[in-house]
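In: Quick one, fold the following:
(chains A and B)
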Amino acid sequence: MTSSTSGPVGVKQRDSNLSQLPAEQLRQMYELMATARLLDERMWLLNRAGQAAFVISCQGHEAAQAGAGFALDPARDFLLPYYRDLALALHFGLTPRDVMLSLLGKHGDPMSEGRQMPAHYSSRKLHIVTGSSPVSSQLPHAVGVALASKLRGEESVALTCTGEGGSSQGDFHEALNFAAIHRLPVIFMVQNNGWAISVPQKKQMAVEHVAQRAAGYGMPGVTVDGTDPLTVYAAMKDAVDRARRGEGPTLIETLVHRFTSHSSDDDDRTYRPLEEMKEERANDPNARFRARLIDEGVLSEEDAREIEQRVKAVVNDATDFAEKAPYPDVAELTLHVYGS
Amino acid sequence: MATKLLIEAIHDTMVDEMRRDESVILMGEDVGRRGGVFRVSAGLIDEFGENRVIDTPLAESSIIGTAIGASMNGLRPIAEIQFLDFIHPAMNQILNEAAKIRYRSYGDYNCPIVIRTPYGGGVHGALYHSQSIEAVFTREPGLKVVAPIDPADAAGLLRSAIRDEDPVIFLEHKKGYRAIRGEVPENGHVVPIGKAKVVKEGSDVTIISYGMMLQESMAAAKAMEEGGGASIEVIDLRSLRPLDTDTILQSVMKTGKALIVYEANRFGGFGAEVAAYLAEEAFPWLDAPIMRIGGPEVPAVPYSKPLEAAFLPNQQTIGAALERLSAY
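Out: Residues are numbered from 1 along each chain as shown, chains lettered A, B, ... in the order given. Down below sits the predicted model:
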């Protein structure tokens, strides 16, 4: 069981057995994490080279997102992401080319044709629901998506994410409350990296874990190690199964790292302790997962390098593709304000 | 044709549309068993059940936010906000989300929701049950805003709003609910969004108004004509966004004088946009300054009877403005 429906919830030592997934899926999971990381790093390079106006990262969150993604079925489930959900967006089917087009504000960006800032992942056909920048405003949307699925008797689940800072918003409270009352198939995943730009968690809440708040809404809440994809997978699988059985929402808090400044316009050296950053770096979820897959015989060193070569080629291709793409047509500035 | 109160026209249209299309749902505070605090949705829960008539928690942002999410997954929610005055906590969801979803996704997503909400003064609702803040919404590309006062228009515009593919703010004048009665055509009567209506023809001055101020405007116009004064044309905008610029321009080209009457604060209110439009487009035909009558420079409508009366424009203040315009 994930947890009880009341009382404080501590960090769960989840079963992180690799046997939960077939070897092929474990390799795909690593490839997803590696793709998200390299793509993210490339975006920073483009930003520092003056080619991309803005970057906001998923670096340090890859394991939590990969673990969550593999417990969902993108063919029927919905993702209402926040700005760090690069790995989840890729898992739901956006491509590195799509991400790079969006980064550079180029024609063909399937999320918004150059209208939104980067990291506002969206695609109707891929079940990724468009969002804005004010944090946690997508949480009530996820509740509504789940409400519609439930009314039609579908077994779809809506996953929505935010940060621990986003959990301070009124929409967080309103969404969890509504979802719990109506036992809707929605999962709220808080990716807690400890920092909301420069504000540490202790100035965001007086409780130790965001997941403790679940008890106040009458839903299960669990805090898990978000640097281990299998642990997150196990927690998410429980939540997805509950949701599909009609038992309602779950709050999952994943404890993750933030390897970059908040965004390309921030400098975290002005407020974060250097020691903490070094410790986090030493516990890189991607490096750990790679080593574990090799240790436990899922990957050989050669397999891993082959994956990394493939990822590099994909990211290079995406970069070239987006650099060569034209900008949106200015004549389309006024398009799609109304349908009629 | 049946004669109906404004509130009955709205109620009956919701019932018709919910029968026609099972993706239409109603959600809001007290809309279920109580049938809404004004009883606009009386009996709907009995016919359509708790799944389609949802008593929500008392939290406006999630009423709108949940409706938005449901609309992006195939439903056509009608979200009721109990009083327009209480819509402020949902403003982020309306202005940043609903209004921008189509544009920000390059038409990939759209947001077919109707936000129904009672507004307006004259019922001793004081500062927080009387507001007319339509201009907050009319300035927002991506939203449509309607404010019908005639029951037939309310029925026809609500039908259009529910069937529209974009978010519509549907403003219901609470004083009009049981004060305004009129003939309502049966059989799916539709009024297109964005069309004004000339409710009274005239030749000397055009009054442009909407909501309950239309009643006061009509009374002032008739009084002036009966007193041998100028001939007044009266236009009910019905839709505020899109604004029917053709109808108001045609009228002002004919009369050469325009008076815009609305009960919101005059400064920065919707009438300011109408006045600016006419100043730009009707200038060659104008014989007098464009005039506006609206609420005074106080934050909202006070409670006490004489204070409330002093806030709201009325037949006398409109009549005085007509006299001034006639003198040009």
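In: residues from the stretch 1-150 of chain A in reach of chain B?
Out: A:78, A:80, A:110-113, A:115-116, A:120, A:122-124, A:129-130, A:132, A:134, A:137, A:139-149 (C-beta under 8 Å from any C-beta of the partner chain). Using the backbone N, CA and C atoms, a C-beta is placed for each residue, glycine as well.
In: how does it look with 6 Å?
Out: A:112-113, A:115-116, A:122, A:124, A:129-130, A:132, A:134, A:137, A:140-141, A:143-145, A:147-148 (C-beta under 6 Å from any C-beta of the partner chain).
In: which of the residues you listed are buried?
Out: Buried subset of those (neighbour count, 16 or more other C-beta atoms under 10 Å in any protein chain shown): A:112-113, A:115-116, A:122, A:129-130, A:132, A:137, A:140-141, A:143-145, A:147-148.
In: which of these sit farthest apart?
Out: Pairwise distances across those (C-beta to C-beta) peak at 29.2 Å, for the pair A:E113 and A:L147.
In: Please identify which residue in the stretch 201-328 of chain B comes closest to chain A.
Out: Closest contact between the stretch 201-328 of chain B and chain A, by C-beta to the nearest C-beta, is at B:P242 (8.3 Å).
In: OK, contacts around that residue?
Out: Shown in contact with B:P242 (C-beta atoms under 6 Å, 6 or more residues apart in numbering or on different chains): B:G194.
In: what's the neighbour count on residue 267?
Out: Reading this off chain A. Close neighbours of A:D267, defined as other C-beta atoms under 10 Å in any protein chain shown, add up to 11.
In: To clarify, I was referring to chain B.
Out: 13.
In: For it, what is the enclosing helix or strand?
Out: Using DSSP states H and E, B:F267 falls within no helix or strand.
In: From B:P299, how far out is it?
Out: 12 Å (C-beta to C-beta, to the nearest Å).
In: element containing the nearest residue to B:E17 once chain neighbours are set aside?
Out: Closest residue to B:E17 apart from its sequence neighbours, by C-beta to C-beta, 6 or more residues apart in numbering or on different chains: B:I162 at 4.7 Å. In the assignment (DSSP H and E), B:I162 maps to helix B:151-163.
In: what's the pLDDT at the residue lying farthest from the centre of chain B?
Out: The centre of chain B is farthest from one residue, B:G228, which by C-alpha atoms, centre = their mean lies 32.4 Å away. At B:G228, the pLDDT value in this model is 93.
In: Same check on A:S340?
Out: 89.
In: Count residues in the vicinity of it, would you?
Out: Applying other C-beta under 10 Å, I find that A:S340 has 7 neighbouring residues.
In: That one - nearest residue in space that isn't next to it in sequence?
Out: Closest to A:S340 by C-beta to C-beta, 6+ apart is B:E165, at 6.5 Å.
In: returning to that earlier point: so which of the buried ones among the residues of the stretch 1-150 of chain A next to chain B is the closest to B:A288?
Out: For these, the nearest to B:A288 is A:R115 (43.7 Å; C-beta to C-beta).
In: What residue, apart from its backbone neighbours, is nearest that closest one spatially?
Out: B:R104 (5.4 Å).
In: what's around the one you found, how many residues?
Out: 24.
In: quick one: it from A:Q59, how far?
Out: Distance of B:R104 to A:Q59, given as C-beta to C-beta: 25 Å.
In: contacting residues for residue 258?
Out: Here I'm looking at chain A. A:G60, A:N193, A:W195.
In: My question was about chain B, not that one.
Out: B:A258 touches B:T206, B:V252, B:L278, B:I290, counting by C-beta under 6 Å, 6+ apart.
In: what's the answer for B:S209, then?
Out: Taking C-beta under 6 Å, 6+ apart, one finds B:S217, B:V261 in contact with B:S209.
In: need the residues of chain B near chain A, please.
Out: Listed as neighbours of chain A in chain B under the rule C-beta under 6 Å from any C-beta: B:51, B:57, B:59, B:61-62, B:65-66, B:68-70, B:72-75, B:92, B:96-97, B:101-110, B:141-142, B:165-166.
In: Next step: those residues restricted to strands.
Out: Using DSSP state E, no member of these sits in strands.
In: ChimeraX command for the buried members of the residues you listed?
Out: Buried residues within those, by 16+ other C-beta under 10 Å, are selected in ChimeraX with:
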select /B:57,59,61,62,65,66,68,69,70,72,73,75,92,96,97,101,102,103,104,105,106,107,108,109,110,142,166
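In: In helices only, show me the residues of chain B next to chain A.
Out: Secondary structure from DSSP state H places B:S61, B:S62, B:G65, B:T66, B:I68, B:G69, B:A70, B:I101, B:R102, B:Y103, B:R104 of those in helices.
In: still on that earlier bit, right, and the residue nearest to B:E17 touches B:V15 too?
Out: No - counting by C-beta atoms under 6 Å, B:I162 does not reach B:V15; the two are 11.5 Å apart.
In: Now stretch B:303-315: buried residues?
Out: Buried residues in stretch B:303-315 (16+ other C-beta under 10 Å): B:E308, B:F311, B:L312, B:P313, B:N314, B:Q315.
In: From A:M100, how far off is the third one?
Out: Put plainly, it is B:L312. For B:L312 relative to A:M100 (C-beta to C-beta), the value is 57 Å.
In: Could you do the fourth one as well?
Out: Look at B:P313 and A:M100: by C-beta to C-beta, they are 57 Å apart.
In: Quick check: which element contains A:D265?
Out: Using DSSP H and E, A:D265 falls outside every helix and strand.
In: got the contact list for residue 109?
Out: You didn't pick a chain, so chain A it is. Contacts of A:D109 by C-beta under 6 Å, 6+ apart are A:L101, A:S102.
In: Correction: the question concerned chain B.
Out: A:R124, A:T130, B:M72, B:I101.
In: looking at it, A:V315 is touching A:L39, isn't it?
Out: Yes - assessed by C-beta under 6 Å, A:V315 is found in contact with A:L39 at 5.3 Å.
In: what's the overlap in contacts for the two?
Out: A:P96.
In: Right, I'll call it a day here.
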